[in-house]
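> Sequence plus predicted model, see below.
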Amino acid sequence: MASAGMKWEGFTREDHVFRSRGKKCAGWLYRPEGVARPAVVVMAHGFGAQRDFGLPAYAEVFARRGLAVFLFDYRSFGASEGKPRNLVNPWRHLRDWKAALSYVRSLKEVDGSRVGLWGSSYSGGHVVVTASRDEGVAAISAQVPFVDGVSSAMYTGLKHAWQATAAGLKDLARALTFREPYRVPIVSQPHIFGIMNTPESEPGYMAIVPEGTDWRNECPARAVLELLLYRPIKRARKVRCPALVIMGEKDSLIKPRAVEKAASRMREVTLVHLPVGHFDVYAGEWFDKVSRMQADFFCRHL
């Protein structure tokens, strides 16, 4: 279901709504001017974030290159329905990706036979898993991708892992007894427990949160238990489409070697090493470089 669009130089953006497991999910469809039934890139955000956290800038770059983009919020995030709010669950997210793909392929405005996936951080892992299950996906781009919960837990340290497990179990107990979630910060300073609390995390994450948002920096703590069990690297061998993987050599959240290992298992992959941290690709010169590289990649393979 679509509503009236807004127009920018070179493209329009329409509000769309699709359903995932009975809940309404909100999406934006970017349509390039002068291109009949363009190929389409489907995008969603990483851990605990919303579609308006820095991602429209990528979508605009792609749209101005002649690609359509479908950018959506997971259930319980942003303008999408679902409770508890800000519930981060990778398998729930994957079902939303599947529903979004089905919806995009039903649209007459785009060419549903030429679909690419774009993911960053947590959703970088989601696009790996989704492509491994869907042979119709033509190409994927995964930047600073989450590939292995075990590796990430070891990388951020034993103390953080113990704190995360204790918080997750507390929230799980509350869920099993039908009480309100026990919530923890999504991002915090190093001396405060948060899902992401390395030195780069709070300044990097908050830099992409738009002013005036009603988003709250918290999520049900059970997310950390599911994060530990989530291992997209196990599906990497089944990714048969071309893949562009962008790795941050200074990433404090995702172990670079784990990204290299996951990429090495893909059939047709371009692995790019950048001297950046986890959040550097969202702004400035690194955003310009990465978004241009991704646009070139999608134009070539879609």
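Yep, it's here.

> Do you have the strands of the stretch 101-250 of the chain handy? List them.
Secondary structure of the stretch 101-250 of the chain, counting by DSSP state E, counting those that start in this stretch: strands at 115-120, 137-143, 183-184, 219-220, 242-248.

> Tell me which of those sits nearest to Val272.
strand 242-248 (4.8 Å; C-beta to C-beta). Bear in mind the C-beta positions are built from the backbone N, C-alpha and C, glycine included.

> could you give the angle of that closest one to strand 115-120?
Here the directions of strand 242-248 and strand 115-120 differ by 10 degrees (axes from the mean of the first three to the mean of the last three C-alpha atoms, to 10 degrees).

> State the mean pLDDT of strand 242-248.
Strand 242-248 carries an average pLDDT of 98.

> That one packs against which elements?
strand 137-143, helix 256-264, strand 268-274, helix 284-301 (3 or more C-beta pairs under 8 Å, 6 or more residues apart in numbering; DSSP states H and E).

> Now do the buried residues in the longest one.
Of the residues in helix 284-301, those with enough neighbours to count as buried (16 or more other C-beta atoms under 10 Å) are Trp286, Phe287, Val290, Ser291, Met293, Gln294, Ala295, Phe297, Phe298, His301.

> can you list contacts of stretch 159-178?
Stretch 159-178 is contacted by residues 153-154, 180-184, 193, 195, 197, 220-225, 227-228 when judged by C-beta atoms under 8 Å, 6 or more residues apart in numbering.

> now that stretch: how far from the chain's centre is it?
Centroid displacement of stretch 159-178 relative to its chain, using C-alpha atoms, centre = their mean, to the nearest Å, is 24 Å.

> about what we covered before: would you turn the helices and strands packed on strand 242-248 into a markdown table with mean pLDDT and distance to Leu107?
Shown next, in a markdown table, are the helices and strands packed on strand 242-248 (pLDDT from 0 to 100; distance: least, C-beta to C-beta, whole Å):
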| stretch | mean pLDDT | distance to Leu107 |
| --- | --- | --- |
| strand 137-143 | 98 | 16 |
| helix 256-264 | 98 | 31 |
| strand 268-274 | 98 | 27 |
| helix 284-301 | 98 | 18 |
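
> which residues does Pro199 contact?
Pro190, Ser252.

> Please report phi then psi for it.
Torsion angles at Pro199 (phi, psi; degrees, to the nearest 10) stand at phi -50, psi -30.

> Renumber starting at 50 from here on
I'll keep to 50 as the first residue from here, and by that count the last item is Pro248.

> Look up how far Gln238 lies from it.
Distance, Pro248 to Gln238, using C-beta to C-beta, to the nearest Å: 8 Å.

> what's the answer for Val164, then?
Counting by C-beta to C-beta, the gap from Val164 to Gln238 is 40 Å.

> Looking at the two, which is more packed in?
Val164 (24 against 14; other C-beta atoms under 10 Å).

> ok, the more buried one touching Ala187?
Yes. The pair Val164 / Ala187 is scored as a contact, 5.9 Å apart, by C-beta atoms under 8 Å.

> Touching both of the two, which residues are there?
Counting by C-beta under 8 Å, 6+ apart, the residues touching both Val164 and Ala187 are Ala88, Leu351.

> which residue sits closest to Cys348, ignoring its sequence neighbours?
Nearest non-adjacent residue to Cys348, counting by C-beta to C-beta, 6 or more residues apart in numbering: Arg114, 5.8 Å away.

> That neighbour: what's it in contact with?
So Arg114 contacts Pro81, Ala344, Phe347, Cys348 (C-beta under 8 Å, 6+ apart).

> So for Lys56, what pLDDT did the model give?
Looking at Lys56, the pLDDT reads 77.

> so where's the stretch 50-199 of the chain shaky on pLDDT?
50-54 (pLDDT under 70).

> Next one: Met342 from Val193, what distance?
Applying C-beta to C-beta to Met342 and Val193 gives a distance of 14 Å.

> And Gly253, by the same measure?
Applying C-beta to C-beta to Gly253 and Val193 gives a distance of 11 Å.
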